[in-house]
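**Student:** Build me a model from this:
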Amino acid sequence: MLLANHAYAPRAAAAIARSGPAAAIARRYHDADLRHRVAAATPHGLVAILYSGGREALAAAGLATAAGDAAARVAATTRGLRILDALDAALDHGRGGTVARSLADAYAQVRAVTVAASSERRADLFAGAAAQLGELARAWGAIGGSAAR
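**Tutor:** Numbers count the residues shown, from 1 in each chain. This is a model prediction of the structure:
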């Protein structure tokens, strides 16, 4: 079973943030799982993977903030912002029209909340940013049917 589909995926993601031999094994498993999912994904599925990774990063940033772990907060925030940048860069404004503009605006809003969450060290704002990205992911999944799974 792939880690992303496993019931204990949130616990595994938390283990990835820790150090030590168990964390190294968890990171290798997570990385292998991600490579497999990316290789097998459709273009629509690749965007779904980005949404999932973005939500995970923002949730991890919130957990790190609550725990007072500045290094982990910065690393997770940076990962989340890079994923938002990738989502934004993938938009085809020429063909996407108002949908692409709406998504760009939504990504900008999530980005602004994420930056505020990090600078203000507020786990609740990270949770809000992750929830916003989750709403976008659900909408993306709905338009793609089984291609996004």
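**Student:** Quick check on the residue lying closest to residue 57 once chain neighbours are set aside: phi, psi?
**Tutor:** Excluding the flanking residues, the one nearest residue 57 by C-beta to C-beta, 6 or more residues apart in numbering is residue 80, at 3.7 Å. The way it works is simple: take the backbone N, C-alpha and C, and place the C-beta from them, glycine included. Taking degrees, to the nearest 10, you get phi -60, psi -40 for the backbone angles of residue 80.
**Student:** which ones are touching residue 80?
**Tutor:** By C-beta atoms under 8 Å, 6 or more residues apart in numbering, residue 80 lies in contact with 54, 57-58, 61, 114, 129.
**Student:** Could you check how far the residue nearest to the spatial centre of the chain is from residue 92?
**Tutor:** The residue lying closest to the centre of the chain (C-alpha atoms, centre = their mean) is residue 54, at 1.2 Å. Per C-beta to C-beta, to the nearest Å, residue 54 is found 19 Å from residue 92.
**Student:** In the chain, where is pLDDT below threshold?
**Tutor:** Applying pLDDT under 70 to the chain picks out residues 1-20, 23-41, 145-149.
**Student:** from the chain's centre, how far out does the longest helix belonging to it sit?
**Tutor:** Across the chain, the longest stretch assigned as helix under DSSP state H is helix 93-120. Centroid separation between helix 93-120 and its chain, computed with C-alpha atoms, centre = their mean, to the nearest Å, is 14 Å.
**Student:** Which helix or strand lies directly C-terminal to that helix?
**Tutor:** Per DSSP states H and E, helix 93-120 leads on to helix 123-144 as the next helix or strand towards the C-terminus.
**Student:** Nearest spatial neighbour of residue 62, chain-adjacent residues omitted?
**Tutor:** In space, and not counting its chain neighbours, residue 62 is closest to residue 126: 3.3 Å by C-beta to C-beta, 6+ apart.
**Student:** what's the neighbour count on that neighbour?
**Tutor:** Residues lying near residue 126 (other C-beta atoms under 10 Å) number 29.
**Student:** With residue 100 instead?
**Tutor:** Other residues near residue 100 number 16, with proximity taken as other C-beta under 10 Å.
**Student:** Hmm, it is touching residue 91, no?
**Tutor:** Yes - counting by C-beta atoms under 8 Å, residue 91 is a contact partner of residue 100 at 4.5 Å.
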